[in-house]
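Novice: Sequence plus the predicted model coming up.
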Amino acid sequence: MTEEDEDRLAVLVRIADHGYAEMLGTAPTSLAGLYALVDYVEGSGQGGVRRDLPLGTQETDDGVTYEDLFLAALRRSLAQLCGEARP
């Protein structure tokens with residue numbers, strides 16, 4: 001691999017990390033969306049948490065862990081969904 005290849009790979013990794021952080025930080029607005037997010041992060045059928053998607057070890061540029069983003073999105077989503085279920 002050349003230095004140019006490594007530079008391009010580094011850019012792609014940063015883009016993928018940014019997209020992953022955006023996904024984790026977005027609160028699902030439906031029960032199906034909430035399930036899909038949890039299922040994706042859990043890595044259904046892979047025997048547990050996806051090894052290629054570390055939550056507690058990676059951070060955004062702001063120093064927030066992916067795990068914190070994920071949990072905050074879950075809390076917001078559950079609060080919204082529970083609020084909608086109340087009469």
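Specialist: It's in. Numbers count the residues shown, from 1 in each chain.

Novice: roughly how far apart are the closest residue to Thr65 other than its chain neighbours and Ser30?
Specialist: Nearest residue to Thr65 in three dimensions, chain neighbours excluded: Glu59, at 5.3 Å (C-beta to C-beta, 6 or more residues apart in numbering). The way it works is simple: take the backbone N, C-alpha and C, and place the C-beta from them, glycine included. To Ser30, Glu59 is 29 Å away according to C-beta to C-beta, to the nearest Å.

Novice: before we move on, back to that, please tell me how far the residue nearest to Thr65 sits from Ala16.
Specialist: As judged by C-beta to C-beta, Glu59 and Ala16 stand 15 Å apart.

Novice: More neighbours: which of those two?
Specialist: Set side by side, Glu59 and Ala16 show more neighbours around Glu59, with 15 against 10, by other C-beta atoms under 10 Å.

Novice: I'd assumed Gly25 was in contact with Leu69.
Specialist: Yes - counting by C-beta atoms under 8 Å, Gly25 is a contact partner of Leu69 at 4.3 Å.

Novice: Which stretches in this structure count as helices?
Specialist: For the chain, applying DSSP state H gives helices covering 3-25, 31-42, 66-85.

Novice: Put the alpha carbons of the first one into PDB.
Specialist: Read it as helix 3-25. Extracted C-alpha coordinates of helix 3-25, given in PDB (Å, rounded to 0.1, in the frame of the first residue of the first chain):
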ATOM      1  CA  GLU A   3       1.300   6.500   1.200                       C
ATOM      2  CA  GLU A   4      -1.400   7.900  -1.100                       C
ATOM      3  CA  ASP A   5      -3.500   4.700  -0.500                       C
ATOM      4  CA  GLU A   6      -3.100   5.100   3.200                       C
ATOM      5  CA  ASP A   7      -4.200   8.700   3.100                       C
ATOM      6  CA  ARG A   8      -7.300   7.800   1.100                       C
ATOM      7  CA  LEU A   9      -8.100   5.000   3.500                       C
ATOM      8  CA  ALA A  10      -7.700   7.400   6.500                       C
ATOM      9  CA  VAL A  11     -10.200   9.800   4.800                       C
ATOM     10  CA  LEU A  12     -12.700   6.900   4.200                       C
ATOM     11  CA  VAL A  13     -12.400   5.700   7.800                       C
ATOM     12  CA  ARG A  14     -13.100   9.300   9.100                       C
ATOM     13  CA  ILE A  15     -16.100   9.500   6.900                       C
ATOM     14  CA  ALA A  16     -17.400   6.100   8.000                       C
ATOM     15  CA  ASP A  17     -16.800   7.000  11.700                       C
ATOM     16  CA  HIS A  18     -18.600  10.300  11.200                       C
ATOM     17  CA  GLY A  19     -21.600   8.500   9.600                       C
ATOM     18  CA  TYR A  20     -21.700   5.900  12.400                       C
ATOM     19  CA  ALA A  21     -21.600   8.600  15.000                       C
ATOM     20  CA  GLU A  22     -24.500  10.400  13.300                       C
ATOM     21  CA  MET A  23     -26.500   7.200  13.100                       C
ATOM     22  CA  LEU A  24     -25.900   6.500  16.800                       C
ATOM     23  CA  GLY A  25     -26.800  10.000  17.800                       C
END
